[in-house]
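Q: all I have is the shape, not the residue letters:
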């Protein structure tokens, strides 16, 4: 019905103010497309020097990073990004889903609002505050208490112990992952909570009616229903975590090597960019940094697209 | 143990764990905020706001240049980002409603919301800093607006879609052209929501550091020239926190407290307004 009325109403060619407003808004909405295409184009152009010199596979797998000899490779940065992100997800996802379960199923009604606001506050804190807090508060605690304790306990085990070798300085992969985890808990928790709320209460009530416990309803009804939404939320948090710079820059160190121990400083793509961009003294150096940025952009774009796919599918399947 | 007992115990364990998870989440929030509060309060003197930076180790330095610079850059970004975002969202929700193009732009916009902000900074560096051979406050503002536009666009689109179609039909029935319907009727109906979206986008952008790192760079001196490097609170916090001086660290905590309070106030205000307006 509204299509007919809309077709009658919108004839931008009819009069000038209409055409003007139409074009104005159209151009404004197109800026988003222009930005994304512009970013890809500029990244490609700026990294063309490095792409020409190193190629694709060699760059991705080379652990070299030597501004003096002009040999650059992305492997160390990708490794650091990968490890911190995966670890952060391992810490964050169970916590976030637990929070979502708590808020939707267990909390009494008067608590739901305040806890929801608290989660959003956690999401609103700028990442540089997380980074600073991590540097001044968390890193000392990690190096004085937590990491020696870990070294003393799990560090003594045969295989897993390799992960905990080295001097516990607090500036390492483990601390960075913990801070990253705290940062992504709110995103995952609020998307998970929204997905859980989409489960029709009829289905939950029927489960209760045949005698299921609260946990069984969550496990067997709510969780399967919101699978898509939760996956989308996890992918979104993964995308965010990949691009996180300031929270990690303070506590990761900037050590371009593949660290086998979680207690070693390492490097991540975002951290390398932040620390070395203004110091890059040769064209090849800057171009390699842009190459890193291109790799990061492609990775996060793909993951965010996947997350959007899941979230859209979830919405379509179970509309509000 | 009977099956009923086993199920009950399993339930209690699982639900206690999720309660613990919520406690852990809340714990971090309280801990971080308390830390910022405690350390920051100690650094809040009048001199923090009204003095310019002093040489390291000399007492009485402040961050006036950073506060002013941050305000200028954020204001410029808002003036660029908000109109473009609102108009863009209007297009998606009105003229292009239901069309595939709107879907595409909407999805791309959502992706741009979460794009790594340091990549945006590198992009603006290549197009605005290198060709002109100097950092500038404008480059920083444009980098921030690139982050802001998708956020405002999406919230505007969502808020406008909430206005019932029948409202527009009534205006059409009176003979109003579409642009008048949008400006005078639909915007009024969605005003609170759009304003809240703007507030939240300002809160998001005010705390960004990475895009400013190589666009507006930083400036140790007081300056109001948007055409040259401009001090910003966030980059100053980065610089001071990583530096070796105790006085720098305490100033960084003070600045962190101010920024956090500002952003949290905006966020809470935004959420409360949304709740009050849309949950009645």
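A: Noted; the coordinates are in hand. The model shown is predicted, which means the values in this text are computed figures rather than measured ones.
Q: hmm, residue B:143 is touching residue B:212, no?
A: Yes - if you go by Cβ atoms under 8 Å, residue B:143 and residue B:212 touch, sitting 6.8 Å apart. (Glycine included, C-beta is placed from N, CA and C.)
Q: what residues are shared contacts of these two?
A: Residues touching both residue B:143 and residue B:212 (Cβ atoms under 8 Å, 6 or more residues apart in numbering or on different chains) are residue B:121.
Q: is the longest helix belonging to chain B anywhere near chain A?
A: What stands out as the longest helix in chain B, according to DSSP state H, is helix B:3-43. Yes - Helix B:3-43 lies within reach of chain A by Cβ under 8 Å from any Cβ of the partner chain, at B:7-8, B:10-12, B:14-15, B:17-22, B:24-26, B:28-29, B:32-33, B:35-36, B:39.
Q: got a quick PyMOL command for the buried subset of those?
A: Remark: buried members of those, expressed as a PyMOL selection using 16 or more other Cβ atoms under 10 Å in any protein chain shown:
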select buried, chain B and resi 11+14+15+17+18+19+21+22+24+25+26+28+29+32+33+35+36+39
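Q: how about the residues of the stretch 151-280 of chain B near chain A?
A: B:153, B:165, B:168-169, B:172, B:177-179, B:181-183, B:203-204, B:206-210, B:213-214, B:217, B:234, B:237-238, B:241-242, B:249, B:252-253, B:256, B:259-260, B:263-264, B:267-268, B:271.
Q: just the ones of those in helices?
A: B:153, B:165, B:168-169, B:172, B:178-179, B:203-204, B:206, B:210, B:213, B:234, B:237-238, B:241-242, B:249, B:252-253, B:256, B:259-260, B:263-264, B:267-268, B:271.
Q: now do the same for the residue lying closest to residue B:32 once chain neighbours are set aside: its pLDDT.
A: In space, and not counting its chain neighbours, residue B:32 is closest to residue A:133: 5.3 Å by Cβ to Cβ, 6 or more residues apart in numbering or on different chains. pLDDT for residue A:133: 92.
Q: hang on, residue A:133 is in a helix, isn't it?
A: Yes - counting by DSSP: H, G, I helix; E, B strand; the rest coil, one finds residue A:133 located in a helix.
Q: tell me the residues of the stretch 201-320 of chain A that contact chain B?
A: So the stretch 201-320 of chain A meets chain B at A:213-216, A:218-219, A:236, A:239-240, A:242-246, A:249-250, A:270, A:273-274, A:277-278, A:289-290, A:293, A:296-297, A:300-301, A:304-305, A:308, A:312 (Cβ under 8 Å from any Cβ).
Q: please spell out the PyMOL selection for the buried subset of the ones in helices among the residues of the stretch 151-280 of chain B next to chain A.
A: Here is the PyMOL command that selects the buried residues among these (16+ other Cβ under 10 Å):
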select buried, chain B and resi 153+168+169+172+178+179+203+204+206+210+213+234+237+238+241+242+249+252+253+256+259+260+263+264+267+271
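Q: packing partners for the helix or strand where residue A:27 lies?
A: Using DSSP states H and E, residue A:27 sits in helix A:16-54. Contacts defined by 3 or more Cβ pairs under 8 Å, 6 or more residues apart in numbering or on different chains; DSSP states H and E place helix A:16-54 against helix A:283-317, helix B:64-93, helix B:100-113, helix B:117-124, helix B:137-162, helix B:178-180.
Q: OK, contacts around the closest residue to chain A within the stretch 51-200 of chain B?
A: Nearest to chain A in the stretch 51-200 of chain B, going by Cβ to the nearest Cβ, is residue B:116, at a distance of 2.6 Å. Going by Cβ under 8 Å, 6+ apart, residue B:116 touches A:242, A:243, A:244, A:245, A:270, A:296, A:297, A:300, B:210.
Q: and the gap between the closest residue to the first one other than its chain neighbours and residue B:208?
A: Taking Cβ to Cβ, 6+ apart as the measure, residue A:242 lies nearest to residue A:300, with 4.7 Å between them; neighbours along the chain are not counted. With distances defined as Cβ to Cβ, to the nearest Å, the gap from residue A:300 to residue B:208 amounts to 16 Å.
Q: how many other residues sit next to residue B:185?
A: 17 (other Cβ atoms under 10 Å in any protein chain shown).
Q: circling back: next SSE downstream of the longest helix of chain B?
A: Under the assignment DSSP H and E, the closest C-terminal helix or strand after helix B:3-43 is helix B:46-50.
Q: spell out which parts of the stretch 51-200 of chain A neighbour chain B.
A: Counting by Cβ under 8 Å from any Cβ, the stretch 51-200 of chain A sits next to chain B at A:94-99, A:101-103, A:105-107, A:115, A:117-122, A:124-133, A:135-137, A:182, A:185-186, A:189.
Q: can you flag the buried ones in those residues?
A: By neighbour count, with 16+ other Cβ under 10 Å, these hold A:94-99, A:101-103, A:105-107, A:115, A:118-122, A:124-133, A:135-136, A:182, A:185-186, A:189 as buried.
Q: okay, and which of these map to strands?
A: In strands, judged by DSSP state E, none of these are found.
Q: so which of the residues you listed are in helices?
A: Using DSSP H, the subset of those located in helices is A:94-99, A:101, A:115, A:118-122, A:124, A:127-133, A:182, A:185-186, A:189.
Q: show me the contacts for the residue nearest to residue A:151 when sequence neighbours are not counted.
A: Once flanking residues are discounted, residue A:151 sits nearest to residue A:164: 4.9 Å by Cβ to Cβ, 6+ apart. Residue A:164 makes contact with A:147, A:150, A:151, A:154, A:155, A:261, A:262, A:263, according to Cβ under 8 Å, 6+ apart.
Q: okay, domains of chain B per the record?
A: Domain segmentation of chain B under automatic domain parsing yields B:3-43, B:49-278.
Q: right, is the helix or strand of chain B with the lowest mean pLDDT up against chain A?
A: Least confident helix or strand of chain B, by mean pLDDT, DSSP states H and E, is helix B:46-50 with a mean of 82. No - residues of helix B:46-50 are not located near chain A by Cβ under 8 Å from any Cβ, the shortest gap being 16.0 Å.
Q: check which helices and strands that helix sits against.
A: Where contact means 3+ Cβ pairs under 8 Å, 6+ apart, helix B:46-50 is packed against helix B:64-93, helix B:246-278.
Q: just to revisit the earlier point, now the helix holding residue A:27 against helix B:117-124, angle please.
A: Helix A:16-54 runs at 100 degrees relative to helix B:117-124, counting by axes from the mean of the first three to the mean of the last three Cα atoms, to 10 degrees.
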